[in-house]
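Novice: Using only what follows, build the 3D model:
(one chain, ligands or ions: 2)
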Amino acid sequence: MMEHNLVAEINRLRKERNAIILAHNYQVPEVQDIADIVGDSYALSKHAANTKNQVIVFCGVHFMAESAKILSPDKTVLLPAKDAGCPMADMVTAEGLREMKEKYPEAAVVTYVNSSAEVKAESDICCTSSNAVKVVQSIKNKQIIFAPDENLGSYIASKVKDKELILWRGFCITHKRVRTSEVAKVRELYPDAKILVHPECEPEVQAMADFLGSTSEIIKYAGELTEKNIIIGTEEGILHTLKKQNPDKNFYLLSPGLICANMKKTRLEDVYYSLLNMQHQVEVDEEIRVKALNALNEMLKIS
Ligand code: 13P
Ligand code: SF4
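Specialist: Ligands and ions are numbered 1, 2, ... in the order given. Below you'll find the model as predicted:
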């Protein structure tokens, strides 16, 4: 089907199904363009929790759609690309986390939303990259187990000095690819540019950046900058919104490795088939869902 026909069909089905299409900032441009809402993990989970639409089409990766189902169990949540997962989320299991909890019985458990429902169910509270510092600051316990992103964990530890963070050793395979030598090179090439980086990057890379934030925080900060040249240290899908919103600025990707293969799995055709066949429906075991919901609600309460 031609792209304009596909878009027309998606629009027709979206109405017919009473669906909302949510897309993460890393999605391919044509998917972002047909979405009702494009945003970071936090904004999208808020929309998923509050939407009046009966169907949520989640253009992102599995843990995001699963979080939407946890928050809105009465809605039909569809993940257009069935095998779009997050390798970082797969680096922690509920069993592994239970073992860690036994080892540190005094510790509270803060889990990055990039995790499974089972792992969330073992946690006291969730966080996203935009509210992680605030979430950790809100906890009374001195000891905190933070899973699964070690890099985001060290970023939080650098901001919240009065807590002892026990870090799970997970990482994002995409952000981990950024090298300090690449940061040094762009500094040399564009001495007047600002470097905006996601906290999933390595601490050494974080230390060389001018700004650290979630994808939406990076978009907001870039819009406020007066500098014309801006270097982006997160997944390349974000460049679509950045360029659209700032036609007078130049954006450069910090590293050619900043492409998440899983975020690129959703094509316009997948969104169409998702709405046409009501596929692929995300389900969560009710006992797990209720526990995971508690951790997500704790996060939504404080941010
Ligand atoms: P945010 O949208 O919260 O910045 O998350 C980035 C990410 O890697 C999601 O997988
Ligand atoms: Fe997971 Fe990294 Fe891809 Fe985000 S960018 S979905 S953390 S692998």
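
Novice: What pLDDT does the model give the spatially most central residue of the chain?
Specialist: Central residue of the chain (CA atoms, centre = their mean): S41, 4.0 Å from the mean position. The score at S41 is 93. That number is its pLDDT.

Novice: which non-adjacent residue is nearest it?
Specialist: In space, and not counting its chain neighbours, S41 is closest to T128: 4.5 Å by CB to CB, 6 or more residues apart in numbering. Using the backbone N, CA and C atoms, a C-beta is placed for each residue, glycine as well.

Novice: In contact with the one you found, which residues?
Specialist: Counting by CB atoms under 8 Å, 6 or more residues apart in numbering, T128 touches D40, S41, Y42, S45, Y112, V113, S214, M299.

Novice: now with 10 Å?
Specialist: T128 sits next to 40-45, 67, 112-114, 135, 152, 214-216, 299, 303 when contact means CB atoms under 10 Å, 6 or more residues apart in numbering.

Novice: Would you map the helices across the stretch 51-200 of the chain?
Specialist: Using DSSP state H, counting those that start in this stretch, the helices assigned to the stretch 51-200 of the chain run over residues 62-71, 94-103, 117-121, 132-137, 150-159, 180-189.

Novice: Go through those and name the closest to P203.
Specialist: Set against P203 and scored by CB to CB, these come closest in helix 150-159, at 4.9 Å.

Novice: The closest one close to ligand 1?
Specialist: No: figure legend: helix 150-159 not in contact with ligand 1 (CB under 6 Å from any ligand atom); closest approach 9.4 Å.

Novice: If you count residues, where's the longest helix of the protein?
Specialist: helix 286-302 (DSSP state H).

Novice: Are there helices or strands packed against that helix, and which ones?
Specialist: If contacts are counted by 3 or more CB pairs under 10 Å, 6 or more residues apart in numbering; DSSP states H and E, helix 286-302 sits against helix 41-50, helix 62-71, strand 108-112, helix 117-121, strand 125-127, helix 132-137.

Novice: Make CSV out of these and add distance to L6.
Specialist: Converted to CSV, these look like this (distance: least, CB to CB, whole Å):
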stretch, distance to L6
helix 41-50, 23
helix 62-71, 21
strand 108-112, 34
helix 117-121, 32
strand 125-127, 35
helix 132-137, 37
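
Novice: mind checking which of those is nearest ligand 1?
Specialist: helix 41-50 (3.5 Å; CB to the nearest ligand atom).

Novice: send the alpha carbons of the closest one over as CSV?
Specialist: Presented in CSV, the C-alpha positions along helix 41-50 are these (Å, rounded to 0.1, in the frame of the first residue of the first chain):
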residue,chain,number,x,y,z
SER,A,41,8.7,7.0,28.7
TYR,A,42,7.2,9.1,31.5
ALA,A,43,4.9,11.2,29.4
LEU,A,44,3.7,8.1,27.5
SER,A,45,2.9,6.2,30.7
LYS,A,46,0.9,9.2,32.0
HIS,A,47,-1.1,9.3,28.8
ALA,A,48,-1.7,5.6,29.0
ALA,A,49,-2.9,5.9,32.6
ASN,A,50,-5.3,8.8,31.8
